[in-house]
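Visitor: Sequence and predicted structure, then a few things I'm wondering about:
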Amino acid sequence: MTDSTIRTRTGERRQRESEGPAEADEQEREQCPECDGRLVSDDEHAETVCEDCGLVVEEGEIDRGPEWRAFDAAEKDEKSRVGAPTTNMMHDQGLSTNIGWQDKDAYGKALSNRQRQKMQRLRTWNERFRTRDSKERNLKQALGEIDRMASALGLPENVRETASVIYRRALEEDLLPGRSIEGVATASLYAAARQAGTPRSLDEITAVSRVEKDEVARTYRYVVRELGLEVQPADPESYVPRFASDLELSDETERRARNLLKTAKEKGVHSGKSPVGLAAASVYAAALLTNEKVTQNDVSEVASISEVTIRNRYHELLEAEDGTRV
């Protein structure tokens with residue numbers, strides 16, 4: 001080892017000492033003490049070695065992984081002994097025990113009559129302990145309603161999770177007195193869908209809800225105001241992909257519909273108009289421009305908008321498009 005190398009390493013050691021004990025220890029753990037190379041962990045031999053020179057820095061490390069091996073996802077799920085992750089979509093966040101409804105033992109054999117009666121009693125008491133007070137019963141009913149409506153509307157899991165959080169906040173802020181559980185649950189789902197950028201119209205929400213449209217709208221405004229939710233106005237373009245998919249239209253038609261809406265925004269045609277009506281009209285107008293066979297009745301059924309609205313709006317969109325070309 002030359003004198004210059006010794007002086008260089010001595011200077012580096014003094015620099016690490018001057019940086020403080022915490023930073024020096026961190027650098028020493030990440031770098032090889034001989035060549036300053038990067039250290040890697042060798043799980044197979046339970047060692048920490050230098051990637052450059054091969055120096056074994058630590059040995060006999062503790063393997064904190066499972067003692068079993070799995071070669072596919074199904075085998076991993078079968079051998080894993082941990083439960084499902086917590087979720088706000090269940091009133092107890094998924095932390096309680098669930099007793100299966102199958103009257104079979106661990107080997108798949110049917111239980112005797114005495115054992116079946118015993119398991120039924122256990123299920124009954126387990127259900128009672130899971131919902132011990134009125135608040136938990138309220139939450140269980142509301143989250144069940146949110147899951148049912150979200151499934152009917154085809155909303156993704158992140159929207160259901162957000163809706164569950166909104167309802168929990170409303171319950172904690174004591175916003176439910178004087179309002180129905182179904183109404184607040186529907187309003188929470190409506191707000192969550194708009195926040196996630198996958199909005200559904202008020203008519204679509206009402207179609208799967210157990211409350212009237214006026215109550216949903218009134219409760220939605222109340223929940224948004226009291227909880228201070230940041231809900232942006234619905235963008236007509238967010239409805240276009242779903243309408244085009246339901247009508248089995250081409251990508252070119254969807255692109256033309258988006259362009260029509262962008263032009264309408266630049267011209268200010270969209271101001272004061274229903275976003276759903278504009279989206280439906282843009283899809284119909286784009287289908288006419290691309291010579292795809294779609295009737296106003298088809299678009300009306302998909303978007304839950306009257307044909308009169310579609311006729312009025314699509315003329316306005318085409319006029320704005322022609323004005324831009326001129």
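Guide: Ah, there it is.
Visitor: Return the set of buried residues in stretch 259-270.
Guide: Under the neighbour-count criterion of 16 or more other CB atoms under 10 Å, stretch 259-270 has 260-261, 263-265, 267, 269-270 buried. For every residue, glycine as well, the C-beta is placed using N, CA and C.
Visitor: tell me which of those residues is nearest to residue 123?
Guide: residue 261 (53.0 Å; CB to CB).
Visitor: Please, which helix or strand holds that closest one?
Guide: Element membership of residue 261, judged by DSSP states H and E, is helix 251-267.
Visitor: who touches that helix?
Guide: 236-237, 240-241, 244, 270, 278-279, 282-283, 285-287, 289-290, 292, 316-318, 320-321, 323-324 (CB atoms under 8 Å, 6 or more residues apart in numbering).
Visitor: Give me the neighbour count for residue 251.
Guide: Residues near residue 251, counting by other CB atoms under 10 Å, number 8.
Visitor: Equivalent analysis for residue 201, please.
Guide: 21.
Visitor: Contacts only, for the closest residue to it other than its chain neighbours.
Guide: Closest residue to residue 201 apart from its sequence neighbours, by CB to CB, 6 or more residues apart in numbering: residue 276 at 4.5 Å. Residue 276 makes contacts with 201, 203, 234, 236, 239, 303-305, as judged by CB under 8 Å, 6+ apart.
Visitor: and the very next helix or strand once past the helix holding residue 261, which residues are buried?
Guide: Counting by DSSP H and E, the next helix or strand C-terminal to helix 251-267 is helix 275-289. Within helix 275-289, the residues scored as buried using 16+ other CB under 10 Å are 275-287.
Visitor: Now for the closest residue to residue 229 other than its chain neighbours: which residues touch it?
Guide: Nearest-residue entry for residue 229: residue 191, 5.8 Å, with adjacent residues in sequence omitted and distances by CB to CB, 6+ apart. Residue 191 makes contact with 163, 166, 220, 223-224, 229, 231 under the criterion CB under 8 Å, 6+ apart.
Visitor: ok, now residue 313?
Guide: Counted by CB under 8 Å, 6+ apart, residue 313 has contacts 273, 277-278, 280-282.
Visitor: could I get these as JSON lines with pLDDT and distance to residue 133?
Guide: Shown next, in JSON lines, are these (pLDDT from 0 to 100; distance: CB to CB, whole Å):
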{"residue": "273", "pLDDT": "79", "distance to residue 133": "47"}
{"residue": "277", "pLDDT": "88", "distance to residue 133": "45"}
{"residue": "278", "pLDDT": "89", "distance to residue 133": "47"}
{"residue": "280", "pLDDT": "91", "distance to residue 133": "46"}
{"residue": "281", "pLDDT": "90", "distance to residue 133": "50"}
{"residue": "282", "pLDDT": "90", "distance to residue 133": "50"}
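Visitor: For the contacts of residue 276, point out the one with the lowest pLDDT.
Guide: Lowest pLDDT among the contacts of residue 276: residue 234, with 78.
Visitor: For residue 100, see how far away that one is.
Guide: Per CB to CB, to the nearest Å, residue 234 is found 42 Å from residue 100.
Visitor: And the strands in this structure?
Guide: Secondary structure of the chain, counting by DSSP state E: strands at 39-42, 47-50, 56-59.
Visitor: among those strands, which is nearest residue 112?
Guide: strand 39-42 (52.2 Å).
Visitor: give me every residue that touches residue 304.
Guide: 201, 203-204, 207, 276.
Visitor: do residue 128 as well
Guide: Contacts of residue 128 (CB under 8 Å, 6+ apart): none.
Visitor: now do the one 10 residues further on
Guide: For residue 138, the contacting residues are 171, 176, 181, by CB under 8 Å, 6+ apart.
Visitor: Run a quick neighbour tally on residue 257.
Guide: 31.
Visitor: what separates it from residue 154, distance-wise?
Guide: In terms of CB to CB, residue 257 sits 20 Å off from residue 154.
Visitor: And the contacts of residue 313, which is closest to residue 35?
Guide: residue 282 (64.4 Å).
Visitor: Which residues are in contact with the closest one?
Guide: 236, 240, 257-258, 260-261, 264, 313-314, 317.
Visitor: Below-threshold pLDDT in the chain: ranges please.
Guide: 1-29, 63-67, 77, 80-86, 91-97, 129-130, 323-326 (pLDDT under 70).
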